[in-house]
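Q: Make a model of this:
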Amino acid sequence: MNLAAFFGLLGGLLVLAFVANLLVLRTGIPDALVLMATGVLLGPLLHVVDPSKFQGVTEGFGTLALILILFEAGLELDLWQTVRHFYGGLVLAIFSYAASVLLIVLVARETLALPLRSALIVGAVLGGVSSSVTLPVLQHLGLRPKARITLLIEASLADIFSILSVAALLDIGTSGGSVIAGLLRGFYLELGISLALGVAAGIGWSFLLPALSDRRFWQVLSFGAVLLVYAGTAVAGGGPLLAVLIFGLTLTNAPEARKRLTPATPLPTNTIGAEPHVALLAFHAELSFLVRTFFFVLVGVAVSFSAFSRQWVAVAWIFAAILAARGIAVYASRLAWRNMHPWERELAFWLLPRGLITVVLALEVVRVLGGGWNFLLDLAFAAIVLTNLCLMIATVRVRAHTQIAEITSVAPPEAL
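A: Sure thing, here's the model as predicted:
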């Protein structure tokens, strides 16, 4: 492929990504499916792109997209609403992830004849809902704040649970030890370090940003700060993705928090204002759109259809396990939700997409354990496709509820 053709392909992919993002609003088809289908067309079907040339960058693209998406999510969160609905999101995340892992482990043991530790790794990789798909969808569905924040918290925590579980299982494979003890120790350690560094960075940057926001390229400087928070937290032994989320949350809520905690003290003049906040949010949203576009295309390029002929039974049963686990989790956690409508609980059932974190973790497992685990990439691809198709059902159900509300003169969901 010559240079002109390469740049033409990149331009075409960005145009396609923009159109696919518009189609989400009209058809309910997740843009991730369109992008992965394009990758399949360019790779396995037409052989325009050689997947071997991108093996080293796919995981990096996925992690970078996760960093940007979680920071963007933190910038959009209201601290007080988040604290208020955190318990409901936490309960849903725990039940959903635990039930998914358990059922997938049982299925993997039976259909793939895997030993327990290997089945646990498969369950840990495929068990978590992905924030990279859930968060953009929640922006378009017009849900009430309580439902949107609850599901957003669940998706963000699911990423953290997945990362901790896979890391603990891979570490146990080399150093030995208890799975449960490793998970608990890792969770509390990473939570504490992430919280401390994320809050400290957010408060410090909230004072610096207003003085920098009239300079050229200040958004790029902020992006550099996000990457430094990620890298610093990883070096310190914390959860870098969680720290990035807390960094964004603290940055956007620090001025209001200082106002509430010290109402008699006037805020300093150098607090982040509305215009810098909007500009920062727009910059990172467009950057994440760019990175996740190439990532999902690369995922489609790398898929191997020859494996599906051997694994279709396992794929079908794993998808059934994911659906069953989601139903159990939504039913079991309903008491922790505050005044959720039945249709919102139904929507929560269909919002179970796998995405960026699923593939990133699968790539990490293959890197650590070797090429014998390439089947996990195919399982991850199948899980992403099938669970993202469920988002179309969620979109249809939201539209149907809105139309019924309009016909019966009941307030639409965003006004409830």
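Q: where does the stretch 151-300 of the chain dip in pLDDT?
A: Along the stretch 151-300 of the chain, the parts satisfying pLDDT under 70 run over 172-187, 255-275, 277.
Q: Tell me the spacing between the closest residue to residue 289 other than its chain neighbours and residue 295.
A: Here the nearest residue to residue 289 in space, its sequence neighbours aside, is residue 17; by Cβ to Cβ, 6 or more residues apart in numbering that works out to 6.9 Å. Every C-beta, even on glycine, is put in place using the N, C-alpha and C of the backbone. Here the distance between residue 17 and residue 295 works out to 11 Å (Cβ to Cβ, to the nearest Å).
Q: The two: which is more packed in?
A: Under the criterion of other Cβ atoms under 10 Å, the comparison of residue 17 against residue 295 puts residue 295 first, with 28 against 21.
Q: now the more buried one, nearest residue through space, not along the chain?
A: With Cβ to Cβ, 6+ apart as the measure, residue 61 is the residue that lies nearest to residue 295, at 4.2 Å, once sequence neighbours are left out.
Q: what residues are up against the residue nearest to residue 289?
A: Residues near residue 17 by Cβ atoms under 8 Å, 6 or more residues apart in numbering: 31, 35, 289, 293.
Q: pLDDT score for it?
A: On the pLDDT scale, residue 17 is placed at 85.
Q: Pull out the buried positions in the helix or strand where residue 37 lies.
A: With elements delineated by DSSP states H and E, residue 37 resides in helix 31-40, which encompasses its position. Within helix 31-40, the residues that qualify as buried are 31-40, counting by 16 or more other Cβ atoms under 10 Å.
Q: could you give the mean pLDDT of that helix?
A: Mean pLDDT, taken over the full extent of helix 31-40, equals 86.
Q: by contact count, what packs against that helix?
A: Where contact means 3 or more Cβ pairs under 8 Å, 6 or more residues apart in numbering; DSSP states H and E, helix 31-40 is packed against helix 3-27, helix 274-302, helix 375-407.
Q: Could you give me the buried positions within the second one?
A: Applying a neighbour-count criterion of 16+ other Cβ under 10 Å, the buried positions in helix 274-302 are 276-277, 280-281, 283-285, 287-302.
Q: How about the first one?
A: Neighbour counts using 16+ other Cβ under 10 Å place 13, 16-17, 20-21, 24 of helix 3-27 among the buried residues.
Q: hmm, back to that, using TSV, lay out the helices and strands packed on helix 31-40 together with distance to residue 235.
A: Converted to TSV, the helices and strands packed on helix 31-40 look like this (distance: least, Cβ to Cβ, whole Å):
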stretch	distance to residue 235
helix 3-27	33
helix 274-302	23
helix 375-407	28
